[in-house]
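> Provided below for reference: sequence and predicted model.
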Amino acid sequence: MYALQISSHIILRSNWTATRRMHSTLVRKLRRLQLLKENAEQCVEVLKSSNSKFVLFYDSKPLMTKSGSDLVVALKSLQDLQEKFQSCDEILKTSVLLYNYDNNKNEEVFAVEIPPGTEVKDDLGEMLSGKFVTPRKALMLVSDRDIGMLSQAISYLHWHGNNQFCSKCGSRSIKTPSGSHRHCSDCKTTHYPMTSPVVITLVHHGDHCLLARQPEFQKNFYSALAGFCDIGETFEAAVEREVAEEVGLEVDNIRFFSSQHWPFPASSLMLGCHARLKEGTEQKIALDKAELEDALWFHRDEVKKAVLFQPKHFTKTRTDKMPWFSIPPPLAIAHHLIKSWALN
Ligand SMILES: [Zn+2]
């Protein structure tokens, strides 16, 4: 008994020490990133150091490389870029400091873009030992570790590309080396990148949940309801409004589930939530046909099947166990929202 107490004590103390070490490493890393965001000179120094790594974009496509049978985000050094490009300084001017990287490594990661008009060879990807892949495809392929970093890089570069001029006075604005904001060269206004909050809602009623499809979805593909928050709305109010507008129903008991950043169409913060059909209110769906092609109540057993049989498991030979519809893949927050309800 005594020995057990001693060993428990040691384990607890050891866990506590490890947790404290992990926290202090994370805090140190985040504070260093904060400093680099605010101090242009230090950021440039880090940008041009041999420790830094670069995610390279060309024509808005990230460079990917093979790792075993997988494609991963290619991380290049400054030396790699200097060897391959005469216009390396022009590429470095597009730098954006990324946060979502392995916090235990003592290196900073920047996204950089080969500027439009740069003369490049046809086999540029090959020359860099990789391949430029469309952003959507790249996000489908990368590991969980890289998905946040890549999503952030795509959004930042997109925002800088579309915000070269001050929205207040029209003068050219200047990107800071970290890319966290831009300064107007004339009226001195500081501009920060914008993220649009989007509510994505799974409405349920007893053992049924509501899934809908937009006309552009692939055949028999259904998902949760989604829509942008309006200015001045809470996320709960946005859920109530979106559900009312799109399917003509009233909901309550709105609960936040989790969130995900998504870089399309620009930069969205997806707020996944559950909502319950309000008791005593209309259950019949009144579809907004300008937004949706179809919306249906699905039984929990059907949804379970769809969760368990993801598209990669589909074969040409259909069995009774396969559902007639599919839901979003695990990459999307909608998948986890639906799964959490179906397997509950
Ligand atoms: Zn201005």
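Looks like it arrived, so ask away. Residues are numbered from 1 along each chain as shown.
> near the ion, which residues of the stretch 151-300 of the chain show up?
166, 168-169, 171, 184, 186-187, 189 (Cβ under 5 Å from the ion). For glycine as for every other residue, the C-beta is placed from the backbone atoms N, C-alpha and C.
> most neighbours, which of the residues you listed?
Using other Cβ atoms under 10 Å as the neighbour test, those are led by residue 166, with 21 neighbours.
> so what's that residue up against?
Applying Cβ atoms under 8 Å, 6 or more residues apart in numbering, one finds that residue 166 lies in contact with 172-173, 184-187, 189, 191.
> go again using 7 Å as the cut-off
By Cβ atoms under 7 Å, 6 or more residues apart in numbering, the contact set of residue 166 is 173, 184, 186-187, 189, 191.
> how close does it get to residue 84?
From residue 166 across to residue 84, the span is 34 Å (Cβ to Cβ, to the nearest Å).
> secondary structure element for the residue nearest to residue 288 when sequence neighbours are not counted?
Leaving aside its chain neighbours, residue 288 sits nearest to residue 246 (5.0 Å; criterion: Cβ to Cβ, 6 or more residues apart in numbering). Taking DSSP states H and E as the definition, residue 246 sits inside helix 235-247.
> could you list the buried residues of that helix?
235-236, 238-240, 242-243, 246-247 (16 or more other Cβ atoms under 10 Å).
> with pLDDT as added columns, please give the residues you listed in CSV.
Formatted as CSV, the buried residues of helix 235-247 follow (pLDDT from 0 to 100):
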residue, pLDDT
235, 95
236, 97
238, 98
239, 98
240, 98
242, 98
243, 98
246, 98
247, 98
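> report the two of those separated the most.
With Cβ to Cβ as the measure, no two of those lie farther apart than 235 and 247, at 18.1 Å.
> quick one: residue 61 from residue 238, how far?
Separation of residue 61 from residue 238 (Cβ to Cβ) stands at 33 Å.
> please apply the same query to residue 207.
For residue 207, the distance to residue 238 - Cβ to Cβ - is 26 Å.
> residue 63 too?
37 Å.
> what ranges do the strands span in the stretch 101-250 of the chain?
109-113, 131-132, 173-175, 182-184, 190-191, 196-205, 208-213, 225-228 (DSSP state E, counting those that start in this stretch).
> going by mean pLDDT, which of the ones you listed comes out lowest?
Per-segment mean pLDDT for those reaches its minimum on strand 131-132, at a mean of 92.
> what does it contact?
Identification of contacts with strand 131-132 by Cβ under 7 Å, 6+ apart yields 58-59, 61, 63-64, 125.
> quick one, what contacts residue 235?
Residue 235 sits in contact with 197, 199, 229, 271, 273, where contact means Cβ under 7 Å, 6+ apart.
> same question, residue 98
With contacts defined as Cβ under 7 Å, 6+ apart, residue 98 is in contact with 109-111, 149, 152-153.
> again, only using 6 Å
Residues in contact with residue 98, defined by Cβ atoms under 6 Å, 6 or more residues apart in numbering, are 109, 111, 149, 152-153.
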